[in-house]
Every structure is written in structure tokens, then in C-alpha cells.
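>>> One predicted model, sequence on top.
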Amino acid sequence: MKRLLWTLVLLLLAVPLLAQSGGELRFCIYSEPKTFHPLLVEDVSSETVRYLTAGVLVRLNRATQKVEPALATSWKVSDNGKRIRFTLLKDVRFSDGTPFSAADVAYTMQQMMDPALHSTTGDAFRSSSGQVTTRVVSPTEIEIVFPAAVAGLVELFDTVGILSAKSPQKEMAVLGPFYVAEHKAGSYILLKRNPNYWKKDASGRQLPYLDSVRLDIQQNDEIQALRYSRGEIHLINKLPPGIFEKLSQQSAPVQDAGISTDTEQLWFNQVSAAPIPDYKRVWFASTNFRRAVSEAINRADLARIVFHQHASPAVGVVSPANKFWFNSKLKVHPFDPASALRRLQQDGFHMENAVLRDKAGNEVEFSIISRAGDEARQQMATMIQSDLKSIGIKVNVVPLDFSSLIDRITSTFNYEACILGLTKVTLDPNAQMNVWLSSADTHQWNPSQKSPATTWEAEIDRLMRAQASAVDDHTRKQYWDRVQEIAWEQEPFIYLVNKHTLVAIASSVKNAQPSALFPQAFWNAEQISLKH
């Protein structure tokens, strides 16, 4: 009997240990993260690491699309949206043991809003020129004051990873569920369970359940799918439609979670210093040229053939999945090659023996870069190549590894056109300040302008700042609707399709709840566990 009692005691003691020992979740990211600094994130791989490691004051629940408390237990917005006061959790420590307090929030805000840092995260808070000030009321209370009202203010803090003001590890000391434990450049990143993570489950057990998350760097979708089918990785966060169909036919666990908020787009390089011929730069700067290319693209075919109907032709900046902010007055650009040729003729283009030439006689030819191994974007580029041939334009498709592609569109600007997508982390238009402000680093077709290059970009700057400082959401929507209209008229981005959210999650993964918002398959990573 005594031996039985001791056995029962040992089993009972082991239960919480087993519940917290969730093993290692494995999945892939497409490229080396450009940064581990949470305030400098611009690419999806860096955002993946930030989401899993950074502690935030509030968290947007990807299932309910409601803001929930995180490091802040409560908050109050006042002064017509210019002032916010947070009450913080007590007795919280960073991953290295450094205590967390309001001073760390103040330090984070000061760093983020420092123009010298060039924080794209901070761009969303720049509703007006002027200083952002902080006041540490107590170790658990802080007040932040902006020079003008910041619309959607609370939700913006979902992407602000809190830095430690005192830790010798600097930005590598984190408050999220995991921390970066190992990094082999070009190969993998190993995240380990943060022993000081503040969050507990309903029964009082400390989260996360997983011991670690391994992020393998793998650009090739086919290889990812093969590894998934072999059980070498547990999930694929976003599946190309062709691979979704293949895995589905193999009876591998896959899910279509509905239309996403992400966008797929083609754009032309309009950077004045780019190493491209001047006559091509004139084409790319022409609204008629961009509109003509848009009208010559059969978006319905892209959705049907490339995405196997797991996508819809895109209207513009905002996906219809974003029900409140979508401008429902806008419609998909028509597929109309005849109209495209009429537009081109207005700029002096003309056909000679089925070849389009500009008014100086130059043959119209350009190259589209896209990510090597990305089957869907490669197919879209090839289909666009075929569509544009019908109006005499020669298109070359150039696949590049992801790091080279990013280098070209952000650093050397040695490219002519690009197909890529934008991942929407939140629904609020303020999250797109870093795309639509002409001064922003990710104003992709012509980034970091000292002053707006066009009158319509100047108007978008005005509208974006106006919506960012308006408190009433319906007033903001009027401004944001107009931004969508200008983007629809000018087409600096030629929006192609809105994909569905296609994910693969192994049956051994428990508690995953796929969402249309990034990160689709692992947004509640601290609650995910593995079946042993």
C-alpha cells in the first residue's frame, strides 16, 4: 500500500511537469531575419521572431480581432486621443532576469520615436511632427503624450516590443514566451522557453507549454511541403495553393481559413537614382502606363489557374476581409486590353509588327523579379508575361533568392518591376503608415522621399496624417477611403489577388486556431502544445 501511495504522489507531481514540457515545435521561415531588434522589423521573418519573443503592452486576439491586456492590465486614452496611461503588471522580469517596470516602456518609446533609429514601427505613431513625451508615474504606471491625436492608438501597441532600459543583453532580453537561444545564419534560429514569462493558463500553469521553437530557414515551398509530409516540421504558416492541393490529395492535414487580409501586388521601380534607363523611368512614372499594364492583366485567370480558386481578384489596398475599413465603392480593375492600348497611345506608345514602342522608338521591355521557389508568384509572373505580350510588351521573369530580392528592392534598387505581397499584421490603417507615407522606408515604389515626388503622393501624405489624428473612426474611414481611391486611380501598386489563408498544421499540434491575420497558424504559440 505504501508503495502504491508513493507511486500516486509521483504521478501527481509529474502531471504539471508533463503539461509544461511541450517539446519542440518546428516550422520554416523563408529568409534570414533582417533584424532581431523589435523596433526595426520590416520583413516577415523578423516579424515572426518578434511575435514569438517580444513582450507587448496589449495583444490583438487574432480570433476575435479584439485588443486584450498583456503587460498592461488596463489603459485609459484621454485628451482627444493624444494621451494614454497604462497600468502594468507587477513582478515581471525579462528573459535574463532583469526586472520590468514603467521605465522600460518609457525607454522603448524614446528609442522608437527617435528619428535616428528609423523605426518603421514608430511610423504608425507619427500623426504629427513634435516630441512624444513619457512620464513614469510609478513602477507600474506610465503616461505617454503625443503631439497630436493618434487614431487607433491602443491597437498600435500590439507591435511595440518592449526593450529593457538596463539589461546588458539590450534588445535580446525579452518579455515574450520565447527568447533567441541559438542562431546559425542561413540555417536556423532556435527559440527557447522564457523561464520568466509572466502569463499563466486557466489552471495557473506557467506558459508557454512548448520547450522550444525551431525556425529552419527554407525558401523552397516544395521542400517545406516534403518535410511537412515526412513529419519533420509541424506546420506551414502560409501554403501556396498548388501545394495545398497536393497535400490535400495526400490526406495531409491542411485548412482553408477563408479570404485573408494580405495583398499580392506588382509594382515598378520609380527611384530616381535606380540603375535603370531614363526612358524606362519615364514609363514607370506614367499613370497611363501603369493603368494600361493593370488592364492587360487577367486577374480572374490568376485566381483560377494559379490559386485554384483559393483567391479572389483584388480591388486595391484593403482586402474585403477587412469589413469596416474596405472601401466598397471600388471595384476590380477590368480586364480590357483594348482600353490598355488606348491609354498607351495617349503617352505616344505605338505598335509596330506586334511590338509596342514608346514615342522615341524604344521597344517596351522590362523584367519582373520575384522570389525563387515561390511557385504562385512565379506562375503569376509568367501569366502576366503572357498577358502583356498581347499588347506588345516583352516581359522577362527573373527569380531571385529572397535575400537578394530584398536587397534589390530596399538597398541597391537594381530592378525594374517586382511581384511580392504585403502581410497585414493588424486591420487598422495606421499600420500602413510605413507604406503610404512618401518619407517611409517601405513606400516601396519610391521609398524615403525627402518631399513627395508627385501631387497625389502629397495628398496621400495629408490624408494619412489626417486619419491618424482623427479620433472618430467614421471620420478616419472617410480619409482612408480617399487614400484607397487615389491608390486605385494611380496604381503605384498593381493589386493582383487576395489569397485565402491556407495553412498546414499537423495533428500532433494541439490548441492551434488558424486566423486570417498574421501569424495565421501560431498566433497563440504560448498555448500550443505537442501530442507526445
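Everything's here; your move.

>>> all strands of the stretch 151-300 of the chain, in order?
178-184, 188-193, 212-217, 235-236, 254-259, 263-268 (DSSP state E, counting those that start in this stretch).

>>> Looking at these, which one is packed in the most?
Greatest average neighbour count among those goes to strand 235-236 (a mean of 24), per mean count of other C-beta atoms under 10 Å. The C-beta positions use only the backbone N, C-alpha and C, and glycine is treated the same way.

>>> Which residues outside that strand are in contact with it?
Contact with strand 235-236 is made by 25, 27-28, 224-225, 228, 503-506, 509, 512, 521-522, as judged by C-beta atoms under 8 Å, 6 or more residues apart in numbering.

>>> These into CSV, with extra columns for pLDDT and secondary structure?
CSV is the format used below for the contacts of strand 235-236 (pLDDT from 0 to 100; DSSP: H, G, I helix; E, B strand; the rest coil):
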residue, pLDDT, secondary structure
25, 98, strand
27, 97, strand
28, 97, strand
224, 95, helix
225, 94, helix
228, 96, helix
503, 95, strand
504, 96, strand
505, 97, strand
506, 96, coil
509, 96, strand
512, 93, coil
521, 94, coil
522, 96, coil
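
>>> what's the least confident stretch among the strands of the stretch 151-300 of the chain?
Note on the strands of the stretch 151-300 of the chain: strand 254-259 shows the lowest mean pLDDT, a mean of 88.

>>> Show me what it is packed against.
helix 241-249, strand 493-505 (3 or more C-beta pairs under 8 Å, 6 or more residues apart in numbering; DSSP states H and E).

>>> ok, so of the contacts of strand 235-236, who is nearest residue 196?
Nearest to residue 196 among those: residue 25, at 19.9 Å, using C-beta to C-beta.

>>> List the contacts of the closest one.
Residues near residue 25 by C-beta under 8 Å, 6+ apart: 210, 212, 213, 214, 234, 235, 509, 522, 525, 528, 530.

>>> Can you show me the helices along the stretch 101-250 of the chain?
All helices of the stretch 101-250 of the chain, identified by DSSP state H, counting those that start in this stretch, fall at 102-112, 120-123, 153-156, 221-230, 241-249.

>>> can you list contacts of the first one?
Okay, so that is helix 102-112. Residues contacting helix 102-112 (C-beta under 8 Å, 6+ apart): 39, 57, 86, 88, 117, 119, 121-122, 125, 132, 134-142, 144, 160-166.

>>> And for the third one?
The list of residues contacting helix 153-156 from outside it, by C-beta under 8 Å, 6+ apart, reads 58, 60, 67, 75, 77, 81, 84, 124-125, 146, 150, 426-428, 430-431.

>>> Would you mind listing which of these are buried?
Among the contacts of helix 153-156, those classed as buried by 16 or more other C-beta atoms under 10 Å are 58, 60, 67, 75, 81, 84, 124-125, 146, 150, 426-428, 430-431.

>>> In strands, which of these appear?
Within these, residues falling in strands by DSSP state E are 58, 60, 67, 75, 84.

>>> Return the member of these nearest to residue 347.
Once C-beta to C-beta is applied, the member of these that ends up nearest residue 347 is residue 60, at 44.0 Å.

>>> Report the spatially closest residue to that closest one, excluding sequence-adjacent ones.
Leaving out its chain neighbours, the residue that sits closest to residue 60 by C-beta to C-beta, 6 or more residues apart in numbering is residue 158, at 4.5 Å.

>>> what's the closest non-adjacent residue to the residue nearest in space to the middle of the chain?
Among the residues of the chain, the one closest to the centroid is residue 423, at 3.1 Å (C-alpha atoms, centre = their mean). With C-beta to C-beta, 6+ apart as the criterion, residue 423 has its nearest non-adjacent residue at 4.9 Å, and that residue is residue 518.

>>> pretty sure the one you found contacts residue 50?
No. Counting by C-beta atoms under 8 Å, no contact exists between residue 518 and residue 50, whose distance comes to 11.1 Å.

>>> Give me the spatial nearest neighbour of residue 265, chain neighbours excluded.
Spatially, and ignoring its direct neighbours in sequence, residue 265 is nearest to residue 493 (4.2 Å; C-beta to C-beta, 6+ apart).
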